[in-house]
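S.K.: give the three-dimensional model of this entry:
(chains A, B, C and D)
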Amino acid sequence: MPKIRKVLVANRGEIAIRVMRTCKELGIATAAVYSEADRSALHVRTADQAYFVGPPPSRESYLVQQRIIDAAKQAGADAIHPGYGFLSENASFVRACEAAGITFIGPPASAMDAMGEKTRARANMIKAGVPVVPGSTEPFASLEEARAYAEKIGCPVMLKAAGGGGGKGMRKVERIADFDSSWRAAKSEAMNAFGNDAVYIEKYLEKPHHVEIQVFADQHGNTIHLNERECSAQRRHQKVVEETPSPILTPEMRAKMGEVAVKAAKAVNYVGAGTVEFLVDVHRNFYFLEMNTRLQVEHPVTEWVTGLDLVALQIRAAEGEKLPLTAAPEPRGHSIEVRVYAEDPSRNFMPSPGKITYLRVPGGPNVRDDSGVFPGYTVPNFYDPMISKLSVWAPTRREAIARTQRALSEYVVKGITTNIRYLKAILAHPEFIGGDYDTSFLTREHDTLLGVEDAKLSEMALLASTVHAYQRDQKRAKSLPAASGQGGGNGGVSPWKLALRRR
Amino acid sequence: MPKIRKVLVANRGEIAIRVMRTCKELGIATAAVYSEADRSALHVRTADQAYFVGPPPSRESYLVQQRIIDAAKQAGADAIHPGYGFLSENASFVRACEAAGITFIGPPASAMDAMGEKTRARANMIKAGVPVVPGSTEPFASLEEARAYAEKIGCPVMLKAAGGGGGKGMRKVERIADFDSSWRAAKSEAMNAFGNDAVYIEKYLEKPHHVEIQVFADQHGNTIHLNERECSAQRRHQKVVEETPSPILTPEMRAKMGEVAVKAAKAVNYVGAGTVEFLVDVHRNFYFLEMNTRLQVEHPVTEWVTGLDLVALQIRAAEGEKLPLTAAPEPRGHSIEVRVYAEDPSRNFMPSPGKITYLRVPGGPNVRDDSGVFPGYTVPNFYDPMISKLSVWAPTRREAIARTQRALSEYVVKGITTNIRYLKAILAHPEFIGGDYDTSFLTREHDTLLGVEDAKLSEMALLASTVHAYQRDQKRAKSLPAASGQGGGNGGVSPWKLALRRR
Amino acid sequence: MRYFTKQQGQKEAVPVDLEPLGNDQYKVTVNGKTYQVDALMLEHGTMTMLVDGQSYGVEFEENGDEVGVLLRGQVTRFDVADERRLRLRAATAGFSVEGKQLVTAPMPGKVVKVLVKVGDEVKEGQGLVVVEAMKMENELKSPKAGKVTELFAKEGTAVENNAKLVVVE
Amino acid sequence: MRYFTKQQGQKEAVPVDLEPLGNDQYKVTVNGKTYQVDALMLEHGTMTMLVDGQSYGVEFEENGDEVGVLLRGQVTRFDVADERRLRLRAATAGFSVEGKQLVTAPMPGKVVKVLVKVGDEVKEGQGLVVVEAMKMENELKSPKAGKVTELFAKEGTAVENNAKLVVVE
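M.R.: Below is the predicted model of the structure:
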C-alpha cells in the first residue's frame, strides 16, 4: 500500500489536534472539517486545509458521512482519521471510505461489525472463549420486554448503548422503579451520540475495577498488546482519571489479560489500535466488557510508559507496514491522565460552556497537555465538555501523583468553570493514593471530593477580595468625575465655548 | 543530614520556577527572592514565600549575598538552591551559607575554588592529567600584557571570563587590531555578570564541537556521568540549541569522555550536579574547556533520555543520600532543547524586552516548556533575555527534529520579538540535520538562517493584512462620528443645554 | 475605608477596614486582626499578594456584584461593598422570594423534554425539565414540594444561561 | 474598496481591491488575481483565514501604521492605507533624511559608553555608543562615514526604545 500523503481528520477539538500533530511530524498534510459552531475552533487553524460540513448539531455535520467523504475528496486526502466518538466506530462509514477509494485509518468494517455493536461483540467473545459479564445478547422489542429482563437478572443492572462508548447512553439502574426513565434517557442519549438507540442490559458487578488492555495489530496478522490502563475513576460511566500500570495488577495478571485481549482481537481479525475493556471483580476475576475499535482518550498514558506514538503506529498500520515490535514492552515508570472538563462539580457537574477569557497551561518536566482550546475561545454548547487531557510521567506512582498535583496547581482557566479542583481532590484522596479504588469510588466519595474549606485560605481570599473591591472602586471613581462633570457642568469651559461658537 | 524542608531559590525567571516545581513535587516548601523589577514575576507567585532583595540591577539585589542569606533566615529556609548564573558558582557565597547554617544545594566551596576560577581549573586539570585547550593559566596585570600573550599564541584567540560561563564576558578575537576593544568589552561584561572582571586567553580551535558531559556525585565519594550533550549550535558563545546523544559521538568516545569527566570531578572532590565541557576538534580529539559547578540550562535533554529529575537528585545529594544509580544509564531515544530568547535575529539579535501581550505555548506528546513568563508580563530590561527553554523527546534524532519543528510552529509570543523563526531555520538547515555542525555553524550560516521569503505566503499575508486594515477602518469609522460630533458641534443639543443650564 | 465583605454561603458580611499606604501596600483590619498586605494587580484579573512573607497568586473572576477568588487551589466567592453602596442596595433590593421558587437554566442548552404542566402538584426532587448541553442530558428537579404555577420552558427550544424555566409555588 | 498595501522592504505599494460580502467573506483582487477569502477575526489579534480550502492561522501585531503578519512561520510587515489616508499622509510627510543619519536606541537600555564626541570624523562601521540591555552590551555602529554633528547619548543614563543617540552627517 502506498504512503499516506494527506489525512482528513473527521473530528474536532483536542483529538483532531492530537492527530494533526503527529501528521505534521510525519510530514503528512492535514485537512480539517468544521461545523458552523466550530469556525473559530483551533483544529481548523491547526490543519493545512479546512472544509465546512454543516450546522452545529453533530448529526447534521460531523456525523453526515457523505459530507465527510466529499470534504476528503475536495481536499485530495488519501486517508481519513476518525479520532474517537463521531464516526470512529461506524462500520458503514468504513465501507463508504472504501467505496470512495480513501484509506480509513482504523480497523476493517468486518471487525467493527463484530465488535462495534456491543451485543454482537458479547456473543462473539462467548464463542471465542473470552469471559463476559452476564447480560442480554439480543435487542429488546419494547420497554416492557427490557424491564422484564432487568427484573429477571435483578437490580442493580447497567443499561448500555450498543452503538458506542464513552459513557454516553449508559445508566446504572439501582431499583426497578427507576428503570423506565433510565431506559428512555439512555436510548435518547445513545441516539444523539451514535445515531443508534439500541440499548442492552448487563448485570451490575459490585465494586468492579475497570481495567483495559491496549491492543495493536498490523495487516499481516501480527497482534500484540501494549499493557493495561486502570480507568476505575469514573463518574456517570465517564472516565475522569486513568493510569498505567494499574496499581492492582500483578505481572501474571497483566500477562493473562493481555493474552485474552489479543485472543479477542484476533477472533475478529482486528487491524490497528483497539482497546479491550474488562471488569475486574473483588476476587480479581476479569470479564470482557466491550472492545473499543478506535483510539482511546486515555492513550497518552500508554504512550508515556512505552515511548510509542500510537497515532503514528495507526498510520503505519494503515499503510500496510509491519508492527515495529513483537511483544508488549515492559512498562517504564508510571503515567497518570486527568481529563479537564468544562463543568461545575459543585452543581452536579453541570456543563459550563462559554468563553475562555484566560488560560495558563502547566509546563515543566514530564507534563503533557493535549488541549483543543485557547484564550479567547468560546467553548460551544454542542459537543463534549472535555477541553483538555493532562498527563504526566514519573518513575513511580507516588511521584506521578505528586507531579499531577503540581501540574494541576498550575492550570488556570478563567471564564468557564472546570473540574480542576475536583481532579486535585481525587488525586489527594487516600483511596486513590492507596491504589485500590473501584468504579464506585467517585460516586461514593462525592461529598469528600467537593472538598472542605481551609479557614486560613478563606481569610487570605477575603483580604484579596477587599483589595480588589478597593481597586475596582478607585477605577470607577476615576471615570466618574468626567461623567459627573458633564452632568453637573463642572467639567470646565468647553461646553461654554462650544455654545458660544455656535451662535 | 536531615531532610530539607524549605528551600530558598536564589534566582529568578524560568530556572527559579524549574527548581520550585521539583520542590513542590517533593513536598518541600519554597521561598523566592525578588528585585524591584521582579515584583510581578512568575517565580514570586510560584513560591510559597517571597522576599524583596533590592533594586533591579543584579549587583544590588540577586548578587548581594547578605540579602539572600537574610531572606533565607527570615523565611526559615534550611537550604538554598542557587539555580544557574548569579551566585551559583560563587565559593564565598557557599561559605556564607555554611556560616549561616544553611545547606547550599551544590558542590562544596573547595570544589568551586578549584573549578570556578577558570584559570585555576585549567591548572588543576593539567595536574590531574586531563587534556586542556592551550592558553593562559595566570591572570594578566594589564591590557598590554594580555595583548602580548595573544600575539604570542596567535589569533584567533578566545577571551573568557574567569568568573563564570553562559557566554557572558566571552569574545573571539580574529585580528590583533580588535584585541583592545574586545578585551575591554569582555572585562566589563564579566564584571556585570559575575562581579569579577578577570579574563583569560585561550587558543581558538578551528571548527570545534562543544560537547559536555553531565556528572553527578554524592557525599560518599560516588561519582558518575550521565552522558553527553552536544552544544555546538552557539552564537556569541551562547548556546542556542542542545541535544543528546551527540550525533558525532560513538559509544567508545562517550565512554572515554565520560571517564575523563568523572576523573575531573573526582580530582576536585566534587559533590552534586556539574558539567565538564569539552571542545572536540575535527580529529575527534577532546580538550577540557571548563567545568560548570552547577545545573546547566540544557539539563532537560539529559532528563528526557535518562528519566531522571536532576533537581531532585541535587536535593537528595545535598541531604546526604547516596546516588540511586552507579553508572550512566544507556541513553533512551533522543532529546533536543531550543532556547527561546527575547531578541530580534534580523536586527543583530538585539534584545527585545517589553510586554508579552499574547502567549500560546506548544503542547502534545513529548514536548516540555520551561518558561518563566505569562501573558501580560513585562520582560524586564535588566536580566538575561531567555524567556523559555523548549525541549522534546522522540525515539530517534530524525523524529526529535520533526517534533521540535512542530512544537516551534505552535509557539506564539506577541508584544516582544523572539528568535522562534530563527530556531526553526536552524532545525531545518542541512548542516544541523546532517548532525556534524561545529561551533562556527550559526555564525557562518547567519544569512541563510535569517531565511528567505516564500512568495505564496507573502501573498496570503498581503490578503490578510488588507482584510485586517478593512476591519480596523470599519472599527474606527464606528467610533469616529461621536468624536467628530463633539468637535464640530453636530453632536446634538447637549452642549447647548449645558450652557443654558449654567446661566 | 470600611468595606463589608460577605463570603458566599455565609450569613453575615464582615466589616473590613482597608487603608491604602501607596506603592501597592495596604493595611487591612478584619476581625480585630491587622495585616500588612503587599498586593499588585496584574493584567487579566491576576493579583500577586504578599502577607507576612507568604506569597499568594490570586485569580479573580468578576460575576456581577460577586467576585470569585482562586487562591492556592481554593475558590471562594465574595460580595464586597462600601457603606454607600450598601445603602444603595438596601434601597433597591428587598422583595422576598420565600415560598416561590424559580427554576432557571443552569447553563446554555436546549430544552429536550418538559415533564410537567401548569397546575401540576410536584414533590421535592421530582423532575421538571430536561436540558441538554454538551451532549449530556440534565434533569432539573423541583427544589420543593408545591404546585407548578408558571412554565416558560418549551420543548425543542434553545435557552440561555439563567433563562427562567419553571415556577413552583 | 481600494487599498494600497506596501510590504516592508519593497518599494511600491500594491493596489488591492477588497469587497466585503458579509458573513466574514471577502472578495479580494490583487495583481489581477481574485481570491475568495473567508476571514474571521478572533481575539488578541488572531485571524483564521481560509483561501481555496487552505487554512491559515494568522497572527497580527500592530506597530504604528504597520502591521506585522505571522503566517505559517513567516513574518511579513505591511503598511495598508486607503486612498483618503494616503493623501493625508502625503500632505504631512515628506522631509528628506538623505545624507544625515540618526542613530537611535534599538531597544530600551542603558548607555554604558559613548565612544565619540561632537565633531569627530567617523568611518562606516565605527562604534559610536555602547548600550546595555538584558546583560548584553551592544555596540552601535555608524551607518556611514561622516562627522558627528549631534550627540544625545550620555553615559550612565537609561534610554527608551528609539531614543535619539547620535547624528552622523
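S.K.: elements contacting the least confident helix or strand in chain C by mean pLDDT?
M.R.: Least confident helix or strand of chain C, by mean pLDDT, DSSP states H and E, is helix C:83-92 with a mean of 74. If you count contacts as 3 or more Cβ pairs under 8 Å, 6 or more residues apart in numbering or on different chains; DSSP states H and E, helix C:83-92 packs onto strand C:2-7. Backbone N, C-alpha and C define where each C-beta goes, glycine included.
S.K.: what's in contact with the strand it packs on?
M.R.: A:458, A:462, A:465-466, A:469-470, C:12-18, C:30, C:76-83, C:86 (Cβ atoms under 8 Å, 6 or more residues apart in numbering or on different chains).
S.K.: show me how to select, in ChimeraX, the buried members of these.
M.R.: Buried residues among those (16 or more other Cβ atoms under 10 Å in any protein chain shown), as a ChimeraX selection:
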select /A:458,462,465,466,469,470 /C:13,14,16,18,30,76,77,78,79,80,81,82
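S.K.: now, which of the contacts of strand C:2-7 lie within strands?
M.R.: C:14-18, C:30, C:76-82 (DSSP state E).
S.K.: nearest to chain B, of these?
M.R.: Set against chain B, the nearest of the ones in strands among the contacts of strand C:2-7 by Cβ to the nearest Cβ is residue C:76 (18.1 Å).
S.K.: and the closest one, what does it touch?
M.R.: So residue C:76 contacts A:453, A:457-458, A:461-462, A:465, C:7-8, C:68-69 (Cβ under 8 Å, 6+ apart).
S.K.: closest to chain D among the residues you listed?
M.R.: Taking those together and measuring to chain D by Cβ to the nearest Cβ, the closest member is residue C:68, at 21.2 Å.
S.K.: ok but the closest one is inside a helix, no?
M.R.: No. Residue C:68 is assigned strand when assessed by DSSP: H, G, I helix; E, B strand; the rest coil, not a helix.
S.K.: what does the stretch 301-450 of chain A put close to chain B?
M.R.: A:303, A:307, A:309, A:332-333, A:358, A:360-361, A:363-371, A:374-375, A:395, A:399, A:402-403, A:405-406, A:409 (Cβ under 8 Å from any Cβ of the partner chain).
S.K.: switch to 7 Å and redo it
M.R.: Contact residues, the stretch 301-450 of chain A versus chain B (Cβ under 7 Å from any Cβ of the partner chain): A:303, A:307, A:309, A:333, A:360-361, A:363-365, A:368-371, A:374, A:395, A:399, A:402-403, A:406.
S.K.: setting the sequence-adjacent residues aside, check what's closest to residue A:151.
M.R.: Of all residues not flanking residue A:151 in the chain, residue A:176 sits nearest, at 5.8 Å (Cβ to Cβ, 6 or more residues apart in numbering or on different chains).
S.K.: show the backbone phi and psi for the one you found.
M.R.: Dihedral pair for residue A:176: phi -60, psi -30, per degrees, to the nearest 10.
S.K.: next up, the contacts around it.
M.R.: The contact partners of residue A:176, taken as Cβ atoms under 7 Å, 6 or more residues apart in numbering or on different chains, are A:150-151, A:155.
S.K.: neighbour-wise, which of the residues you listed leads?
M.R.: residue A:150 (23 neighbours; other Cβ atoms under 10 Å in any protein chain shown).
S.K.: helix or strand for that residue, just tell me which one.
M.R.: Element membership for residue A:150 (DSSP states H and E) is helix A:143-153.
S.K.: and residue 37, what is it in contact with?
M.R.: No chain in the question, so chain A it is. A:56, A:380, A:382.
S.K.: meant chain C, my bad for not saying
M.R.: By Cβ under 7 Å, 6+ apart, the contact set of residue C:37 is A:463, A:467, C:26, C:28, C:49, C:51.
S.K.: quick check: buried residues in the helix or strand residue A:256 falls within?
M.R.: Using DSSP H and E, residue A:256 sits within helix A:251-267. Residues of helix A:251-267 classed as buried: A:253-254, A:257-258, A:260-265, A:267 (neighbour count, 16+ other Cβ under 10 Å).
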